[in-house]
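Asker: Here you go, sequence then predicted model.
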Amino acid sequence: MPRSATMTEVEASSLEMLRKQMQYPLIKNCDMPEEMRQDCVDLVITAIERFAGTPQSYEHAAKLVKETMDKKYNESWVVIIGQGFAFEVTHEVKHVLWMFIADVSTLVYKAGARQAGA
């Protein structure tokens with residue numbers, strides 16, 4: 001029997017389940033202490049999931065992560081969430097995280113004293 005060109009509902013749902021299972025965070029660079037790293041990764045995942053599908057979803061997610069990191073680990077955090085960007089930054093030692101979740105890249109770092117305006 002020839003296979004149809006369109007996916008059946010079962011195939012589509014199993015493909016979606018597989019896609020969700022494969023969306024684990026890939027940490028490319030991190031020098032944060034373990035507790036801070038885990039807090040930051042969990043926060044980024046939660047923020048991206050919360051604002052998924054909304055207009056300016058990356059902007060809102062980044063704002064949530066920044067505000068939470070500022071409250072918990074003092075001010076001067078910079079958060080960039082998006083696709084297809086490059087960066088070169090100066091940051092405080094032990095305060096940077098660069099990670100991917102599927103095709104979304106996230107950079108979280110604490111700005112150095114000069115960048116923060118001190």
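Answerer: Looks like it arrived, so ask away. Numbering: from 1, shown residues only.

Asker: Can you classify residue 88 as helix, strand or coil?
Answerer: What DSSP: H, G, I helix; E, B strand; the rest coil gives for residue 88 is coil.

Asker: Please work out how many residues are found near it.
Answerer: Residues near residue 88, counting by other C-beta atoms under 10 Å, number 4. Every residue, glycine included, has its C-beta placed from N, CA and C.

Asker: how near is it to residue 58?
Answerer: Using C-beta to C-beta, to the nearest Å, we find residue 88 at a distance of 20 Å from residue 58.

Asker: Tell me who's in contact with residue 60.
Answerer: Counting by C-beta atoms under 8 Å, 6 or more residues apart in numbering, residue 60 makes contact with 47, 51, 54.

Asker: can you tell me the helix or strand for it?
Answerer: helix 57-73 (DSSP states H and E).

Asker: In that helix, which residues are buried?
Answerer: 57-58, 60-62, 64-66, 68-69 (16 or more other C-beta atoms under 10 Å).

Asker: and what of stretch 74-92?
Answerer: 76-81, 91-92.
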